[in-house]
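Asks: Need a 3D model of the sequence below.
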Amino acid sequence: MWEVIERHYEELDAEQRERLEQLAPNFGKAPAFRGFDGNSESVERSIVSIFVNDLDRWEHFKGRDTNSHVRLSDAYARMRKVYEEILGEGYEFNPSIEKFAALLNEQIHPDNR
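Replies: Model (predicted):
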């Protein structure tokens, strides 16, 4: 999911990026996979390391620090639901800026919106 998100962001023009920043001010400027918490999500972080470093998958993340220092698995799970809804609308990940912002904003816990 995150590789697709990052690559999609790279394809946006300046106007689209500006709009995304307005709609998702906390996450809309250069959205990037931050990894998992090294203390409480060490299993998930280890899985990422195996895929990236040992199996040469997700090369987009190679060399990146994947210790987020904050729990993110719940945020990623919320994002995944919206991501799958977007994919359900077609074969490619090509959401409107509004839907892209909604996806990124899922990182905010519902109690804090």
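
Asks: Domain parsing of the chain, as residue ranges.
Replies: 1-34+72-113, 35-68 (automatic domain parsing).

Asks: What distance separates the opening and closing residues of the longest one?
Replies: In other words, domain 1-34+72-113. End-to-end distance for domain 1-34+72-113: 23 Å, by CA to CA, to the nearest Å.

Asks: so who does the residue of the chain positioned farthest from its centre touch?
Replies: Distance from the centre of the chain peaks at D54, with 21.9 Å (CA atoms, centre = their mean). Contacts for D54 (CB atoms under 8 Å, 6 or more residues apart in numbering) come out as none. Where C-beta positions appear, they are placed from N, C-alpha and C, glycine not excepted.

Asks: Phi first, then psi, for it.
Replies: phi -100, psi -40 (degrees, to the nearest 10).

Asks: hmm, who's touching the longest helix anywhere in the chain?
Replies: Ranked by residue count and defined by DSSP state H, the top helix of the chain is helix 73-87. Here helix 73-87 makes contact (CB under 8 Å, 6+ apart) with 1, 4-5, 36, 41, 44, 93, 95, 99, 102-104, 106-110.

Asks: The same query, at a cut-off of 6 Å, please.
Replies: 1, 41, 44, 95, 99, 103, 106-107 (CB atoms under 6 Å, 6 or more residues apart in numbering).
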